[in-house]
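K.L.:
For reference, the sequence and a predicted model appear below.
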Amino acid sequence: MPFLPLIGYRLAVFGVSYFTDHNALLKEGLDAVSVCVPTEHHAQVALDAIHAGVSVLVEKPLAPSATEAESIVTAARSAGVVLAAVPLVGNAASVRLLPASAARGSCCQISSVTNGMNG
């Protein structure tokens, strides 16, 4: 990823850690993680977190197949961690309408908007 050095610099300015490998992140003693990766990686990342004893929030769909989804649910139950799945909100109407609403002064002031997929 050619933009990682720039991201690393920006995060360092604010004292924020970043990881290029989720397994390194899981060694940080976390209580929970939010899995926001392409769907084909949901199962592996979620299972790694669950096996590390970390509760998991996963964007829907939980996994690309029912078999993988069931393995995530089974693993979470066995490990006694919380597992939750939520819809991806980046394309939700409420999120798309927020900038116009803020511009009209009807809701809030937006200080930053980023999209990991498009820069």
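P.N.:
Everything's here; your move. Numbers count the residues shown, from 1 in each chain.

K.L.:
Verify the stated contact: residue 31 with residue 57.
P.N.:
No: when contacts are counted by C-beta atoms under 8 Å, residue 31 is not listed as touching residue 57 (11.3 Å). Bear in mind the C-beta positions are built from the backbone N, C-alpha and C, glycine included.

K.L.:
Report the contact partners of the spatially closest residue to residue 83 that is not a sequence neighbour.
P.N.:
Spatial nearest neighbour of residue 83, chain neighbours left out: residue 76 (3.7 Å); criterion: C-beta to C-beta, 6 or more residues apart in numbering. The contact partners of residue 76, taken as C-beta atoms under 8 Å, 6 or more residues apart in numbering, are 50, 56, 82-83.

K.L.:
again with residue 82
P.N.:
32, 55-56, 76.

K.L.:
out of the residues you listed, which one sits closest to residue 38?
P.N.:
Nearest to residue 38 among the contacts of residue 82 is residue 56, at 16.1 Å by C-beta to C-beta.
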